[in-house]
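Undergrad: Here is my input; please provide its structure:
(one chain, ligands or ions: 1)
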Amino acid sequence: MNTASFYRETWAEINLSAIKENVTHMKKHIGQNVHLMAVVKANAYGHGDLEVGKAALEAGASCLAVAILDEAISLRKRGITAPILVLGAVPPEYVQAAAEYDVTLTGYSVEWLQEAARHLGSATVPFHLKVDTGMNRLGVKTEEEIQSVLKILSQNPGLVCKGVFTHFATADEKNRDYFLFQFDRFKTLIAPLPLKELMVHCANSAAGLRLKKGFFNAVRFGISMYGLRPSADIQSEIPFQLKPAFALHSVLSHVKKIRKGESVSYGATYTAEKDQWIGTVPIGYADGWLRKLSGTSVLIGGKRMNIAGRICMDQLMVELDQSYPPGTKVTLIGSQKEETITMDEIAGRLGTINYEVPCTISSRVPRMFLENESIMEVRNPLLQDNTSK
Ligand SMILES: *Cc1c(COP(=O)(O)O)cnc(C)c1O
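TA: I've put the predicted structure just below:
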């Protein structure tokens with residue numbers, strides 16, 4: 001029996017050593033007494049939640065954060081025992097499930113706390129209180145609401161407040177005014193809470209990287225744990241070298257020479273201006289290599305080669321400068337020799353932010369986890385295994 005981890009040679013490489021390095025540097029920057037919460041929502045921004053979570057915890061993270069309860073339960077079922085905070089809104093009728101799996105929820109309104117208490121019965125659930133200081137997404141907004149929260153907590157011992165936090169809307173922008181306004185508002189709103197007993201956090205990657213102090217006692221580290229900058233605006237304020245963890249590779253599956261005047265792909269939008277070598281690569285928009293990337297380039301033999309014509313669902317074609325044997329490596333994100341295609345370059349071509357790009361690479365693309373350049377594990381949801389190589 002053939003037991004390959006994947007049968008199509010298109011894969012994402014996740015460098016766990018880079019994740020660990022980024023965490024180690026951030027811990028040093030924020031101070032060893034400040035907790036680092038590794039944000040692994042959305043399958044760790046498409047990188048692989050279990051493996052990234054474990055690597056971050058090994059490198060000094062205190063806990064993990066996800067967006068939805070399903071993500072937290074999935075991590076618990078796969079053996080994560082560290083605290084996990086759900087940052088998003090969990091319907092109060094599911095607090096029992098959270099209690100069962102010892103998952104920390106976000107209490108984001110007075111009504112939510114009341115309903116959660118009602119559904120909790122005799123169970124106990126940890127939560128962090130979300131304070132809205134200007135994002136207007138989730139959270140209690142006023143001094144009066146904070147007082148109501150304190151009252152509900154005194155009457156419902158099953159609701160165990162372990163932390164309080166807010167989220168900045170503009171931490172990655174050059175102008176700091178709104179950020180500082182939110183920061184001050186946070187300090188005012190949380191003043192009546194027993195802060196010494198709580199995990200208090202406001203900083204995401206951007207705020208965490210830019211601040212020199214004022215982290216309270218925890219930082220939520222997302223995008224920059226993956227070695228990506230929160231924005232171009234704050235590039236000069238990043239205090240250490242970020243190391244990107246995500247690379248995307250494939251191979252040439254078919255190589256042929258077409259004649260001058262022949263066209264390539266749907267719509268025949270590409271026409272060869274001379275006799276031209278064309279290579280076919282088994283990746284397409286169903287893998288997250290979106291049609292909008294038609295006209296961009298990939299790396300082959302350390303050189304940039306242009307995508308020829310439209311990207312198909314499962315394949316794309318490239319203009320080659322010469323013949324290459326089938327099986328030749330193609331890099332879509334990452335480096336070959338002196339050339340690099342960064343996540344920021346692809347995001348720019350898509351008219352979006354770097355956050356969105358790895359999230360878009362679909363589960364059809366297996367994730368291969370590397371540490372110190374050796375393959376630790378391959379995860380391919382299609383074959384539902386995680387073969388060690
Ligand atoms: C996603 C998220 C983060 C992480 O932000 P980065 O910019 O990726 O560091 C932090 N806090 C909350 C509430 C989030 O939803």
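Undergrad: how deep is Q384 tucked in, by neighbour count?
TA: Using other Cβ atoms under 10 Å, Q384 has 7 other residues around it. Backbone N, C-alpha and C define where each C-beta goes, glycine included.
Undergrad: do M313 as well
TA: Neighbours of M313 under the rule other Cβ under 10 Å: 11.
Undergrad: in what helix or strand does H128 lie?
TA: strand 125-130 (DSSP states H and E).
Undergrad: And the helix or strand following that strand, what's buried?
TA: Sequence order places helix 143-155 as the next helix or strand after strand 125-130, per DSSP H and E. Neighbour-count burial for helix 143-155 flags 145-146, 148-149, 152-153 (criterion: 16 or more other Cβ atoms under 10 Å).
Undergrad: residue contacts, whichever residue of the chain sits closest to the ligand?
TA: Distances between the chain and the ligand by Cβ to the nearest ligand atom are smallest at G222, namely 2.3 Å. When contacts are counted by Cβ atoms under 8 Å, 6 or more residues apart in numbering, G222 touches 39, 41, 45, 204-205.
Undergrad: and if you look at Y270?
TA: By Cβ under 8 Å, 6+ apart, the contact list for Y270 reads 263-264, 308-309, 317.
Undergrad: quick revisit: between helix 143-155 and the strand holding H128, find me the angle.
TA: Here strand 125-130 runs at an angle of 170 degrees relative to helix 143-155 (axes from the mean of the first three to the mean of the last three Cα atoms, to 10 degrees).
Undergrad: Sheet partners, orientation included, of strand 125-130?
TA: strand 105-107 (parallel), strand 159-165 (parallel) (DSSP bridges).
Undergrad: Just the buried positions in the next helix or strand after the longest one, please.
TA: The first helix or strand that comes after strand 159-165 along the chain, using DSSP H and E, is helix 177-190. Within helix 177-190, the residues that qualify as buried are 179, 182-183, 185-186, 189-190, counting by 16+ other Cβ under 10 Å.
Undergrad: between the following helix or strand past helix 177-190 and helix 177-190, how big is the angle?
TA: Remark: after helix 177-190, the chain's next helix or strand is strand 199-203, criterion DSSP H and E. Interaxial angle of strand 199-203 relative to helix 177-190 (the same axes, to 10 degrees): 170 degrees.
Undergrad: so what's V298 up against?
TA: Contacts of V298 by Cβ under 8 Å, 6+ apart are 281, 304-305, 307, 318, 330-332, 341.
Undergrad: Give the rounded mean pLDDT of the helix or strand harbouring it.
TA: Taking DSSP H and E as the definition, one finds V298 inside strand 297-300. In this model, strand 297-300 has an average pLDDT of 98.
Undergrad: Pull up the pairing partners for it, direction included.
TA: Partners of strand 297-300 in the sheet, by DSSP bridges, are strand 303-306 (antiparallel), strand 329-336 (antiparallel).
Undergrad: any idea how far that strand is from the chain center?
TA: Offset of strand 297-300 from its chain centre (Cα atoms, centre = their mean, to the nearest Å): 24 Å.
Undergrad: pLDDT value on the residue nearest the centre of the chain, please?
TA: Nearest to the mean C-alpha position of the chain, counting by Cα atoms, centre = their mean, stands Y45 at 2.1 Å. As predicted, Y45 sits at a pLDDT of 98.
Undergrad: quick one: it and V357 touch, right?
TA: No. Between Y45 and V357 there is no contact under Cβ atoms under 8 Å: 9.1 Å.
Undergrad: So which bits of the stretch 51-200 of the chain are right by the ligand?
TA: Residues of the stretch 51-200 of the chain found near the ligand (Cβ under 6 Å from any ligand atom) are 87, 167.
Undergrad: should've said the stretch 201-350 of the chain
TA: Applying Cβ under 6 Å from any ligand atom, we find that the stretch 201-350 of the chain lies next to the ligand at 204-206, 220-223, 230.
Undergrad: Swap in 5 Å and give it another go.
TA: 204-205, 220, 222-223 (Cβ under 5 Å from any ligand atom).
Undergrad: Can you tell me which of those residues end up in helices?
TA: S205 (DSSP state H).
Undergrad: contacting residues for the residue nearest to the centre of the chain?
TA: 222-223, 226, 355, 358-359.
Undergrad: how about low-confidence regions in the protein?
TA: 1, 385-389 (pLDDT under 70).
Undergrad: Which stretches in it count as helices?
TA: All helices of the chain, identified by DSSP H, fall at 16-30, 41-45, 49-58, 69-77, 95-100, 110-120, 143-155, 177-190, 205-210, 343-350, 356-360.
Undergrad: got those as TSV, with distance to S250 columns?
TA: As requested, the helices of the chain are exported to TSV (distance: least, Cβ to Cβ, whole Å):
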stretch	distance to S250
helix 16-30	21
helix 41-45	20
helix 49-58	21
helix 69-77	28
helix 95-100	40
helix 110-120	45
helix 143-155	51
helix 177-190	41
helix 205-210	29
helix 343-350	14
helix 356-360	16
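Undergrad: what's near enough to touch M343?
TA: Residues in contact with M343 (Cβ under 8 Å, 6+ apart) are 228, 244, 246, 333, 354, 357-358.
Undergrad: and these, which are buried?
TA: Among the contacts of M343, the ones that count as buried by 16+ other Cβ under 10 Å are 228, 244, 246, 333, 354, 357-358.
Undergrad: Ok, which of the strands paired with strand 297-300 comes nearest I19?
TA: Proximity to I19, assessed across the strands paired with strand 297-300 by Cβ to Cβ, is greatest for strand 329-336 (15.2 Å).
Undergrad: can I assume G139 is in contact with E145?
TA: No. Assessed by Cβ under 8 Å, G139 is found out of contact with E145, at 9.1 Å.
Undergrad: list residues touching both of those two?
TA: With Cβ under 8 Å, 6+ apart as the test, G139 and E145 both reach S109.
Undergrad: which parts of stretch 8-23 are buried?
TA: Neighbour-count burial for stretch 8-23, with 16+ other Cβ under 10 Å as criterion, is recorded at 8-23.
Undergrad: nearest to S74, of those residues?
TA: Using Cβ to Cβ, I14 comes nearest to S74 of these, at 17.6 Å.
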